[in-house]
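**Student:** predicted model and sequence follow; I will ask about them next.
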Amino acid sequence: MLLHFTKMHGLGNDFMVLDLISQKVRLRPEQIRRLADRHFGVGFDQLLTVEVPTTPDADFRYRIYNADGSEVENCGNGARCFAVFVHDRKLTNKNRLQVETAGGPLILLINDKGLVTVDMGVPRLQPDLIPFAAEHQAISYPLEVAGQSLEVGAVSMGNPHAVLRIDDVAHAPVAELGPQIENHPRFPKRVNAGFLQVVSRNQGRLRVFERGVGETLACGTGACAAMVYGRLQGWFDSRVEMQLPGGHLQLEWQGEGHPVMMTGPAQKVFEGHLHL
Ligand SMILES: N[C@H](CCC[C@H](N)C(=O)O)C(=O)O
C-alpha cells in the first residue's frame, strides 16, 4: 500500500501526519517505532492521525503516538500542526475546530498571522487523574530520584507531567534525571519531565524530557503544565512567554477551573509517500 504523509513541526517538535479519513491503514507499534527512526524511517517525535470523530460535537478525532509506539492522550505542538494540516488538505475550511483526543476535547483557532491558538482544556491536579501516587493533592510533592529528594509539580494536560524548578535550563540535568523521572514508579503511566527556569513573572525557560521520546526541542503540553505549576507556586502571572529550545509559546491561564490557552506556530516541511 502507498501511504501519503506530511512532515510538520511545532518549534522543532516534529511529526509525521497521516490523513486517515481519505486513506485507511492501521499501524502496529513496531511499525510506528520503525517509521519514527531517524535513520531507517521518516523520523519524528510523534505520529499524528486525522480521523473521523466519534462524538457529534467534534469536527475530527486527533490521535497521537510517541516514537516508542505508545498512544498518548494529548500533544500541544501537534494540535497546532493538526489545524494547519486539515486546512492544507482541504478537509475543512473552518477556522475554529473542535477535536477529540484521548485526553479530552481541544479547541483549535487559526488566526490571520498563521499562528494557532489552542484551548488546551482545564489542567487536572488531582493525583488520581494525573495519574500520580500521592496521599492528597498538593502544589508540589517530594520525589526521591537517583538518591536525591526533588520537589516537583504534578499536572495533567490530558497527559501526565512532572515539573522541576531549576536555576538555569542550560545546565539542567535533563539526560541524567529525565529518564528516571519518566519511569518513576509513582507515575503508573510514566510521565513527561519538565525542567523549568523562572525568568520573570511573565517569562519562563523550559526543557522537557518527553515520555516515550526523550528530550525534544519543544513540548506544548509540557509548557502548559510548567505554566500551571509556576502560577500555583506564585511565580507567574496569568500570561507567560515560555521559551523552549525550539522557540517560544504564549500561554494564558486564569487559574484553577479555567483552561490553558496556548498560541504558537506550526510549519509544514515536506510531503511524502511510503510503501507499507
Ligand atoms: N510525549 C507526550 C506526548 C507529546 C507531547 C508534546 N510533544 C506536546 O507538544 O505536547 C506524552 O507521552 O504524553
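**Tutor:** Happy to help now that I have it.
**Student:** ok, residue 49 to the ligand distance?
**Tutor:** 14 Å (C-beta to the nearest ligand atom, to the nearest Å). (C-beta placed from N, C-alpha, C; glycine too.)
**Student:** show me which residues of the stretch 1-150 of the chain are close to the ligand?
**Tutor:** 13, 45, 46, 64, 66, 72, 75, 76, 77, 78 (C-beta under 6 Å from any ligand atom).
**Student:** burial of the last one, as a residue count?
**Tutor:** So the one you mean is residue 78. 30 (other C-beta atoms under 10 Å).
**Student:** SS state for it?
**Tutor:** In three-state terms, and counting by DSSP: H, G, I helix; E, B strand; the rest coil, residue 78 is helix.
**Student:** tell me the residues of the stretch 151-276 of the chain that contact the ligand?
**Tutor:** So far as C-beta under 6 Å from any ligand atom goes, the stretch 151-276 of the chain lies against the ligand at 159, 192, 210, 211, 212, 213, 219, 220, 221.
**Student:** ranges for the strands of the stretch 1-150 of the chain?
**Tutor:** 2-10, 13-19, 46-51, 60-66, 71-72, 96-101, 104-110, 116-119, 141-145, 148-156 (DSSP state E, counting those that start in this stretch).
**Student:** so which of the ones you listed is nearest residue 275?
**Tutor:** Closest of the strands of the stretch 1-150 of the chain to residue 275 is strand 2-10, at 6.0 Å (criterion: C-beta to C-beta).
**Student:** residues touching residue 17, list them.
**Tutor:** 5, 6, 7, 8, 47, 48, 49, 50, 81, 82, 85 (C-beta atoms under 8 Å, 6 or more residues apart in numbering).
**Student:** what pLDDT does the closest residue to residue 150 other than its chain neighbours get?
**Tutor:** Spatial nearest neighbour of residue 150, chain neighbours left out: residue 143 (4.8 Å); criterion: C-beta to C-beta, 6 or more residues apart in numbering. Looking at residue 143, its pLDDT is 98.
**Student:** so what's the residue count around residue 143?
**Tutor:** Count around residue 143 with other C-beta under 10 Å applied: 21.
**Student:** got it, and residue 109?
**Tutor:** 16.
**Student:** heads up, I number from 27, so please use that
**Tutor:** New numbering, starting at 27: the last item is residue 135.
**Student:** now it: closest residue in space, sequence neighbours ignored.
**Tutor:** residue 143 (4.4 Å).
**Student:** who does that neighbour bridge with?
**Tutor:** residue 135, residue 289 (DSSP bridges).
**Student:** give the contact list for it.
**Tutor:** Here residue 143 is in contact with 134, 135, 137, 287, 288, 289 (C-beta under 8 Å, 6+ apart).
**Student:** then residue 47?
**Tutor:** 76, 77, 78, 86, 117.
**Student:** how close does it sit to residue 97?
**Tutor:** As for residue 47, its distance to residue 97 is 18 Å (criterion: C-beta to C-beta, to the nearest Å).
**Student:** could you pull out the strands for the stretch 177-302 of the chain?
**Tutor:** 186-191, 218-226, 229-236, 240-242, 265-270, 273-279, 286-290, 293-301.
**Student:** got the contact list for the last one?
**Tutor:** The set of residues external to strand 293-301 that reach it, using C-beta under 8 Å, 6+ apart, is 27-36, 40, 61, 68, 107, 110-111, 114.
**Student:** pull up the pairing partners for that strand, direction included.
**Tutor:** Under the criterion DSSP bridges, strand 293-301 sits next to strand 28-36 (antiparallel) in its sheet.
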